[in-house]
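[1] Here is my input; please provide its structure:
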Amino acid sequence: MNDTDIIDTILNGASLRLVLHPRNDVQTDFPDMYESFDLRHIILKDQRFFAKTATCHAIPVNFSTYDMATAYSYAYSNHYCYVVNSSPGADTARIYNKNVYESLEFVPVDNFELIWDSKEANGAQPVTDAIAAGKLLKIALLDSDGYWNIHPIHMPSFYIGKNNFELFTDQDAVPFFLHDEETLETLELQMKERLKEAIREFSPRNLREVFDKAGFTFENPEFYSTFYTIRSNGEYLRASTVLKQEAPERYEALKIFADKPIGANL
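    Below you'll find the model as predicted:
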């Protein structure tokens, strides 16, 4: 499936998964294997996206003791050459070349359906019905900068006797530069150059050292909260940073998806 098809399916409600095959000559601490991730948070503009796991990945210390207070996430792109590994709790973000994987495949899963579109909506009833039925919801919100922000809903609500709803997305955060095209492009060029330098410094046979050298860590990065309060009247609240909430903004477009009934795709 090409990028256009993947993006079309995402904007029609499909969830996005990722199947990874780490390079066995780089990830030498584990047997040759496949991994998969559920990419719950997607930041999409034009034909380029970063899709991120929830911040729930535990990091072992010496492969034995886990720090329960700190969790990380991974963000993967269909365009950029690097992966973003970050943790707002640990106040850190690093990027590394995605060639550490033998293969990386995005897999759309047709498990949600569109129930409400701000461009066509006539009342809130489809959303209130889905909430009353206990449906899982997620949103795709187009902001004034041209980014689609796709996130799961943590708490949907509607007000009895009133034709409106309010939706609250999962609390999470991404490095601020994921909403900055200029920085993303600059990092792309820097990462390609760092990889060339690392290959010159280390033998290509020592690929683990090559990719370690080619990575980049940010000190005290700024994070962008993905916690949104979304209203049927066209407004939403967001936090430009984790600790700062702004005045209401208006979305350019909003799509709401509900999980499909079991067996709907059989």
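
[2] Show me the shaky parts of this structure.
    Low-confidence segments of the chain (pLDDT under 70): 28-29, 60-67, 202-208, 239-246, 263-266.

[3] Regarding it, what is its longest helix?
    Longest helix of the chain, by residue count under DSSP state H: helix 181-201.

[4] just checking, what packs against the helix or strand that that one is followed by?
    Per DSSP states H and E, the first helix or strand lying C-terminal to helix 181-201 is helix 207-214. Packing partners of helix 207-214 (3 or more Cβ pairs under 8 Å, 6 or more residues apart in numbering; DSSP states H and E): strand 92-97, helix 181-201. For every residue, glycine as well, the C-beta is placed using N, CA and C.

[5] hang on, the earlier thing: and the longest helix of the chain, which residues are buried?
    Leu184, Leu187, Glu188, Met191, Arg194, Leu195, Ala198, Ile199 (16 or more other Cβ atoms under 10 Å).

[6] Excluding residues flanking it in the chain, which one is nearest the last one?
    In space, Ile199 comes closest to Val210 once its chain neighbours are excluded; the distance is 5.7 Å by Cβ to Cβ, 6 or more residues apart in numbering.

[7] what's the neighbour count on the one you found?
    Using other Cβ atoms under 10 Å, the number of residues around Val210 comes to 22.

[8] now the one 4 residues further on
    Counted with other Cβ under 10 Å, residues neighbouring Ala214 total 26.

[9] try the one 3 residues further on
    Residue neighbour count, defined by other Cβ under 10 Å, stands at 11 for Thr217.

[10] Mind giving me the packing neighbours of the longest strand that the chain contains?
    In the chain, assigned by DSSP state E, the strand with the most residues is strand 148-158. On a contact count with 3+ Cβ pairs under 8 Å, 6+ apart, strand 148-158 meets strand 41-45, helix 125-132, strand 137-142, strand 165-169.

[11] Sort out which residues of it are buried, please.
    Trp148, Asn149, Ile150, His151, Pro152, Ile153, Pro156, Phe158.

[12] how about Arg194, what does it touch?
    Lys213, Ala214, Gly215, Phe216 (Cβ atoms under 8 Å, 6 or more residues apart in numbering).

[13] An error on my part: the question was meant for Leu114.
    Per Cβ under 8 Å, 6+ apart, neighbours of Leu114: Asn12, Gly13, Lys255, Ile256, Phe257.
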